[in-house]
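**Student:** have a look; sequence and predicted model below, questions after that.
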Amino acid sequence: MSEVIEPPPVSAAVPAEQSKFKTSDDVAFYKRQIRGPNPQYRTLLDTMVLTERGARFELLQPDSQKSLLLSVSPCKNNTVRILIDELQPIKARYRVPDVLVGEPQGERMSVERQSKDSVTLSWSSGRHQVRVWHFPFRLEILCEDEVMVTFNSKGKLWFETLQEPPRATSESSEQLEDEHTSSLWKETFKEFVDIKANGPSSIGSDLCLHGFSHVYGLPEHADDLQLRDTRDGEPYRLYNLDVFAYDVYSRFGLYGSVPLLVAHKPDRTLGLFWLNASETYVNVHYSPSEHQDDQTPPAKGVQKQTDVHWLSESGVIDCVVLLGPGPQQLFSQYAQLTGYQALPPLFALGYHQCRWNYNDEADVKAVDAGFDQHDIPYDVIWLDIEHTDGKRYFTWDPEHFPEPAELQHHLQRKKRKLVVISDPHFKFDPGWLLYNEAREGGHFVRDREGQIYLGSCWPGACSYLDFSNPDTRAWYSGCFSLEEYKGSTPSLFLWNDMNEPSVFGGPEQTMPKDAVHHGGWEHRELHNLYGFYQHMATAEGLIARSGGSERPFVLTRSFFAGSQRYGAVWTGDNVATWEYLEISIPMILSLSITGIAFCGADVGGFFRDPEPELLVRWYQAAALQPFFRSHCAIWSKRREPWLFGEEVTAAIRTVIKQRYCLLPFWYTLFHQAHTSGLPPLRPLWVEFPRDESTFSVDNQYMIGGALLACPVIKPGVEEIKVLLPGSDEVWYDVHSAESYKGGRTLSLPVTLDTVPVFQRGGSVVCRSVGSGSCTAEYKELPLNITVALSSQGLADGELYLDDGHSFSYRDRKAFCLRRFNMLSGRLLCRPASEDGAFDCDTVIQSLTVLGVKNKPSTVVVHLSGAKDSSAAFQYTETSRMLTVSDLNLRVTKDWEIQIL
């Protein structure tokens, strides 16, 4: 290693870190809005203009005579966009670019009712209306005459208009000394001074969600899946920060932000998307709650509601209401706005082995060989910052990694990959060619004085690339070409870290808000987009490297809405304790329901050393989550799976192999995410939207619609309780095949080897049969189909196949989507889509049917153009399981199996 890096103090890692960061009481714009008073606006109804894309109104604040422009745009996919800007700003305010995949196409509206107090507008769908009230201004969204959402329900609309800087007179100097106004143009936190070029420019509003008492989303926070009422403490913060060993059960902002809140009740799911990239806070108030009683309950009983108050430092109010009505429609609506999850290359769904740092090429090869020696499949080994020449990205340490291309070829011969890190800071080094290129190309962020901003990170003094500049992104993407990136090969993939951005010794360990980006925009306007833009540029660089033919793989720590289009996300610098394993599940579920479907947490915890039981339980949980990577810090002991004794090695080997066998199912789920927006990992309520017992569950989850997982996340446990939802459902233990009726909580005995997973009656799951060393080998294996019968004897499921690495599925429709349907004892294999053609040799070797009540007399296979044949089968009466073997049926052909 090139240098000794001291670990943080173990006993005080978290408190020491947290002292760097603000609470809401340190934030001037938040305090101004909370203290008020809130100005009341009136809608000038006579200014209404109906356009091709909706309607416009002027809003007037009578006291100040400030005018705002309200635009309301309903869209065909059941969304309504509410946009508020200054009517006549002295300069343009920042509007978030590049996040929406296309400008939502608004619809023409018509007046349904009008009076001096309000106007009600409708559009083509007919089911929904928007009602705008004159005074005080509020906007209601109705479904079949029932108000679902009220914008500005509590009159908290706040819009600080841009001003010219005050002239330096003695009078203004005295004014700036005033406690209330001193923070308007200059704000101080610890030793850091933030000069605001545009003065106070914060915005905010509240929305009332009528009838809702469960809301979710707003990642990234280490907290419960269901958002908590914030009256008892801090608001939820959305401000991307490098928070080492973050507190758990906290609303403090972490590495990424998705300003999407999802509300659910038995008959409706809706979402609020607040498109703003500046520092943002969200308060959630449930009514009735433990804090207050409903003073005037309606005759039918207590009216539930949730009030959500958004407050942002700058920008415009741009809020999209997603109207569902169900979870699946909401996920689709959000994906249409911000993009679908990228379809990852198949290898990325395998197991990843990482640490900070593998020492040298011999170390990498030894670890690679260790997986083969211990019969544990894996796909990717990772290199952290020490692989570079003095922390200069796009370089290799000449002593420890002198032959990087040969190392990649060594791995590629085994069909494995290498991932290296590439952070957004460039070492200040006028002797480094790439630094000079970036400086001369104008690719660095500047400080408020116009000089190149100089911060500090792993290399020491460094400058930060301005990824908000399209020219900078194009230049950076070009750095990944095989010609430019010396020592790289097509089997090298990327990891973006420290891209909040992290600045050692900076305010809250990030970039000053008054740093200046492309177009003259202050960093405060787009802070939460910084990592999103690096992720974009990296993914586009890898795509360009292959001439546009190969899918990229890029992991990012920092993210925003839309990051799902570029790759994967992980939950950052966690700790090797049980509470971090436990919190990883709601964190991953929160990401999943807000579009970031390819996500995971570092197995075993990044910081400190896990005890063997914790390590096994973490592998068991992570093998059932989308992104599956073990990673640890430079100060942690080595953690390869074979270093903890044979019992631990065997337990880890088992779950990794089970993960690989389940890859056909996972890959099909990612196809579904890529085409419909449905996340592979789902809270129980997504699949059981009317079952209120599921609404607050976040220690178990669904994998697709077929599997229910309840990982063991407590030490020394001999029994766990598993909620099996749905009184009309049947659930089958995937290990024992024992069946259980739904609508109950099951007490399940567990040992260290137990991984509680249940298959839902009515589903079909495909698995690979056999073993291999990586995804490429598993892809060649035959398949088993497990059909879990519902109480009516029905089941269906899908299988998606393509080449696993290219864009041919998109560009040439080179894919195969098959549907398996079980009805009246007959299993049919048919195309699920008329699109697509993909010829492969994949065969169905065996069939397992769970819930067969009586032993069949015969099983007949019918293949188009061939004579019917009988198949060998076994029937286990105790578990009611039928196994049909030696089938050898091509998955791309139509066939059926009849159980008589």
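**Tutor:** Happy to help now that I have it.
**Student:** low-confidence regions, the stretch 151-300 of the chain specifically.
**Tutor:** Per-residue confidence of the stretch 151-300 of the chain (counting by pLDDT under 70) places the weak regions at 168-181, 289-300.
**Student:** how about the strands in it?
**Tutor:** Using DSSP state E, counting those that start in this stretch, the strands found in the stretch 151-300 of the chain span residues 158-159, 186-189, 192-195, 203-210, 215-217, 236-238, 260-265, 268-274, 280-287.
**Student:** okay, those strands in a markdown table with distance to T654 and mean neighbour count next?
**Tutor:** For glycine as for every other residue, the C-beta is placed from the backbone atoms N, C-alpha and C. Formatted as a markdown table, the entries for these read as follows, by distance: least, C-beta to C-beta, whole Å; neighbours: other C-beta atoms under 10 Å:
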| stretch | distance to T654 | mean neighbour count |
| --- | --- | --- |
| strand 158-159 | 56 | 22 |
| strand 186-189 | 50 | 16 |
| strand 192-195 | 51 | 14 |
| strand 203-210 | 44 | 24 |
| strand 215-217 | 33 | 24 |
| strand 236-238 | 39 | 26 |
| strand 260-265 | 35 | 25 |
| strand 268-274 | 37 | 25 |
| strand 280-287 | 41 | 22 |
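**Student:** next, the distance between the ends of stretch 622-638.
**Tutor:** When the termini of stretch 622-638 are compared using C-alpha to C-alpha, to the nearest Å, they are 19 Å apart.
**Student:** just how off-centre is that stretch within its chain?
**Tutor:** A distance of 18 Å separates the centroid of the chain from that of stretch 622-638, by C-alpha atoms, centre = their mean, to the nearest Å.
**Student:** ok, stretch 373-388 next?
**Tutor:** Distance, stretch centre to chain centre, for stretch 373-388: 24 Å (C-alpha atoms, centre = their mean).
**Student:** tell me what F151 is bridged to.
**Tutor:** Bridge pairing for F151 (DSSP bridges) gives the partners L139, L207.
**Student:** look up how far I82 lies from it.
**Tutor:** Taken as C-beta to C-beta, to the nearest Å, the spacing of F151 relative to I82 amounts to 6 Å.
**Student:** touching both of the two, which residues are there?
**Tutor:** Common neighbours of F151 and I82 are listed as L139, C319 (criterion: C-beta atoms under 8 Å, 6 or more residues apart in numbering).
**Student:** apart from its neighbours in sequence, what residue is nearest C479?
**Tutor:** F394 (5.6 Å; C-beta to C-beta, 6 or more residues apart in numbering).
**Student:** same thing with C457?
**Tutor:** In space, C457 is closest to H425, 4.4 Å off (C-beta to C-beta, 6+ apart).
**Student:** for D360, same thing?
**Tutor:** With sequence-adjacent residues excluded and distances taken as C-beta to C-beta, 6+ apart, D360 is closest to H400, at 3.9 Å.
**Student:** contacts only, for the one you found.
**Tutor:** The contact partners of H400, by C-beta under 8 Å, 6+ apart, come to N359, D360, E361, E386, H387.
**Student:** run a quick neighbour tally on the residue nearest to C457.
**Tutor:** Using other C-beta atoms under 10 Å as the criterion, H425 is surrounded by 25 other residues.
**Student:** could you do A832 as well?
**Tutor:** Counted with other C-beta under 10 Å, the neighbours of A832 add up to 18.
**Student:** could you do A461 as well?
**Tutor:** Applying the criterion other C-beta under 10 Å, we find 12 residues in the vicinity of A461.
**Student:** likewise for V367?
**Tutor:** Around V367 sit 16 other residues, with neighbours defined as other C-beta under 10 Å.
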